[in-house]
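**Student:** Based on what follows, work out the 3D shape:
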Amino acid sequence: MNIPQDLKYTKTHEWVKIDGNKAKVGITDFAQYEITDVVHVELPEIGKQVKKAQPAAVVESVKSAFDIYSPLSGKILEVNDSVLRSPEVINQSPYENGYLFIIEFTDEKEIADLLEADSYKNLI
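**Tutor:** Modelled structure (predicted):
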């Protein structure tokens, strides 16, 4: 399993890349492996306010649909339209081309609740 050291993680298998007051969000390599072949993605609307630990997106496989939870509270700044056209990129490149959305987060203290790579590795 690929678990980049420079990212933060959630217990629900989302990864977070913090950049100033912005956070890029996707699902982990473990999550995409468990989901298997991603066939459809529903992303939040740009400008939508999201709350930490609340559903923000949906990733569907041939087996089931999986809620993707926002790791931080804030406003959706950008969504990755390429995963709408080619959802399989989430399986192929979960940490790069397969990211889901970018949040402008509103509560920096919430970052402390995210897991470091080693803690996430122990979780899975």
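
**Student:** going forward, measure contacts and count neighbours with C-alpha atoms only.
**Tutor:** Fine.

**Student:** tell me the contacts of residue 72?
**Tutor:** Residues near residue 72 by C-alpha atoms under 8 Å, 6 or more residues apart in numbering: 50, 51, 52, 53, 103, 105, 106, 107, 110, 111.

**Student:** Could you rerun that using 10 Å?
**Tutor:** Taking C-alpha atoms under 10 Å, 6 or more residues apart in numbering as the contact definition, residue 72 lies against 10, 16, 22-23, 25, 50-54, 103-111, 113-114.

**Student:** ok but it is inside a strand, no?
**Tutor:** No: the assignment for residue 72 is coil, going by DSSP: H, G, I helix; E, B strand; the rest coil, so no strand is present there.

**Student:** Buried subset of the contacts of residue 72 as a ChimeraX selection?
**Tutor:** A single ChimeraX command is used to select the members of those judged buried by 16 or more other C-alpha atoms under 10 Å:
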select :10,16,22,23,25,50,51,103,104,105,111,114
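
**Student:** Okay, and which of the contacts of residue 72 map to strands?
**Tutor:** Among the contacts of residue 72, the members falling in strands are 16, 22, 23, 25, 50, 103, 104, 105 (criterion: DSSP state E).

**Student:** of those, closest to residue 66?
**Tutor:** Distance to residue 66 across the ones in strands among the contacts of residue 72 (C-alpha to C-alpha) is lowest for residue 25, with 15.2 Å.

**Student:** Can you tell me the element the residue lying closest to residue 42 once chain neighbours are set aside falls in?
**Tutor:** Spatial nearest neighbour of residue 42, excluding adjacent residues (C-alpha to C-alpha, 6 or more residues apart in numbering): residue 58 at 5.0 Å. For residue 58, the host element (DSSP states H and E) is strand 55-61.

**Student:** residues contacting the residue nearest the centre of the chain?
**Tutor:** Centrality entry for the chain: nearest residue to the mean C-alpha point is residue 26, 2.4 Å, by C-alpha atoms, centre = their mean. By C-alpha under 10 Å, 6+ apart, residue 26 lies in contact with 9, 13-17, 32, 57, 68-71, 80, 90, 94-102.

**Student:** Would you mind pulling the contact partners of stretch 113-124?
**Tutor:** Residues from elsewhere that reach stretch 113-124, judged by C-alpha under 10 Å, 6+ apart: 1-11, 13-16, 30-31, 71-72.
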